[in-house]
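Asker: Below are the sequence and a predicted model for it; my questions follow.
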Amino acid sequence: MTQPEHTRSDSLGGLLRIAAAAVVWGTIPLVLRAADGSSAVKVFYRVAFAGIAMLVWMIARGRLGELTSLSRRKLLSVAGQGVLLTVNWLLFLTALDMTKVAVAELLGYTGPVFVAALAPFVSKEAFDKRIILPLALALGGIIVILAPQGITLGSRDETIGAVLAFCSALTYAALLLRSKRIIKDISSPALMVVEYSVASVLLLPALLFLPGPSTPIAFGALLTLGLVQTAASGLVFLSGLRRVRTDHAAIIMYVEPVSAVLFAAAFLSEGLTWPTLLGGAMVIGGGALVARLDAGYGPEAPPTTNADDEPAPADAQSPLSLG
């Protein structure tokens, strides 16, 4: 069945938005280099600044009523996202501290594999076999990039770190799958305000008892992390996620680690090697294959959205969406 041209255009636009957000997230290591303090405190400032920015945006647009009109069930569902988000970031950052970067990154980025495997159970539809090749290319590209750095485990701490990284992949998959369901009938700013508020409350003890930023530059880096790499890029990502299948979005997210490597080479004098270039090409190839797929076919077609990238009325939603 041929997909309508406007739907194909929406799907491609969604993939491009997700890729753009992933590129922005690839700059996070650069920003974190300028910030000191514990990992938990960095995450606190990230979500706190992002949540405040989204709240101010909603007030300026006269949309604060969206928050007060949320049902108790919806509020609890979005709050659960805030808990998952906090756990995910803490697992991954702790894994980076305890084990080799290559191990943490490789295990952490198995998340899209779990998204592809679990999406059929969430949507109750057949597995989309078309994503096997692009998923294999993207994951293989990450392996090619990271394998030369060493992926062996030499101590108990490294093993624990590897387990935490694997758990972060599982929470990543849960976040993405739940996000697709939750954004069906809530605006992106409202979702982010609730999600980041919950995460901020959970991380508040870290701010009180663990070391935080000690210089204006470090504080400015965390402010940038909250406003640009979290709030602004989060809006772009969610607007793209509304337009595409969840498993397609997960594959495009492999752009993030590739862009992080390229930014490190450009700004941190970390040289590029042939495995990096080859792996990056494989990831881009996987993304290109996804962009060519008919997003209206398979277990999940993209839902309809309005001009502001907010959820359409319930009767306009696709019956095949994960919601």
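Answerer: Looks like it arrived, so ask away.

Asker: From now on I want contacts and neighbour counts done on CA atoms only, so please keep to that.
Answerer: Will do.

Asker: how close does Leu70 sit to Pro189?
Answerer: Using Cα to Cα, to the nearest Å, we find Leu70 at a distance of 13 Å from Pro189.

Asker: nope, Ile132 is what I meant
Answerer: Distance, Ile132 to Pro189, using Cα to Cα: 33 Å.

Asker: And these two? Which one has more around it.
Answerer: Remark: of Ile132 and Pro189, Pro189 carries more neighbours, 25 against 13, as counted by other Cα atoms under 10 Å.

Asker: Need the pLDDT of that one.
Answerer: On pLDDT, Pro189 comes in at 93.

Asker: That one touches Val56, doesn't it?
Answerer: No: counting by Cα atoms under 8 Å, Pro189 does not reach Val56; the two are 10.0 Å apart.

Asker: quick one: which helix or strand includes Ala117?
Answerer: Assignment of secondary structure by DSSP states H and E places Ala117 within helix 111-123.

Asker: Report the distance from that helix to the chain centre.
Answerer: Remark: helix 111-123 is offset 15 Å from the chain centroid, using Cα atoms, centre = their mean, to the nearest Å.

Asker: Stretch 158-177 too?
Answerer: Here the centre of mass of C-alpha atoms in stretch 158-177, compared against the chain's by Cα atoms, centre = their mean, lies 13 Å away.

Asker: same question for stretch 203-221, mean pLDDT?
Answerer: The predicted model assigns stretch 203-221 a mean pLDDT of 91.

Asker: Give me the distance from it to the chain's centre.
Answerer: On the basis of Cα atoms, centre = their mean, stretch 203-221 sits 23 Å off its chain's mean C-alpha point.

Asker: who's in contact with it?
Answerer: Taking contacts as Cα atoms under 8 Å, 6 or more residues apart in numbering, the residues outside stretch 203-221 that touch it are 31-32, 34-38, 40-44, 86.

Asker: Also stretch 137-151?
Answerer: By Cα under 8 Å, 6+ apart, the residues outside stretch 137-151 that reach it are 100, 102-103, 105-106, 109-110, 251, 254, 257-258, 275-287.

Asker: Only alpha carbons, please: show that stretch as CSV.
Answerer: Listed next in CSV are the C-alpha coordinates belonging to stretch 137-151 (Å, rounded to 0.1, in the frame of the first residue of the first chain):
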residue,chain,number,x,y,z
LEU,A,137,23.8,-1.4,10.8
ALA,A,138,23.4,1.2,13.5
LEU,A,139,24.3,-1.1,16.4
GLY,A,140,27.1,-2.6,14.4
GLY,A,141,28.4,0.9,13.8
ILE,A,142,28.5,1.6,17.5
ILE,A,143,30.4,-1.6,18.1
VAL,A,144,32.9,-0.7,15.4
ILE,A,145,33.5,2.7,17.0
LEU,A,146,33.8,1.5,20.6
ALA,A,147,35.4,-1.9,20.3
PRO,A,148,39.0,-0.6,19.8
GLN,A,149,38.7,1.2,23.1
GLY,A,150,38.5,-2.1,24.9
ILE,A,151,35.4,-3.8,26.2
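
Asker: Could you give me the buried positions within that stretch?
Answerer: 137-147, 151 (16 or more other Cα atoms under 10 Å).

Asker: can you tell me the helix or strand for Met260?
Answerer: That one is not Met; residue 260 is Ala. Using DSSP H and E, the secondary-structure element containing Ala260 is helix 255-267.

Asker: circling back: what's the ChimeraX line that selects buried ones from the contacts of stretch 137-151?
Answerer: The ChimeraX command for the buried members of the contacts of stretch 137-151 (criterion: 16+ other Cα under 10 Å) is given here:
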select :100,102,103,105,106,109,110,251,254,257,258,275,276,277,279,280,281,282,283,284,285,286,287
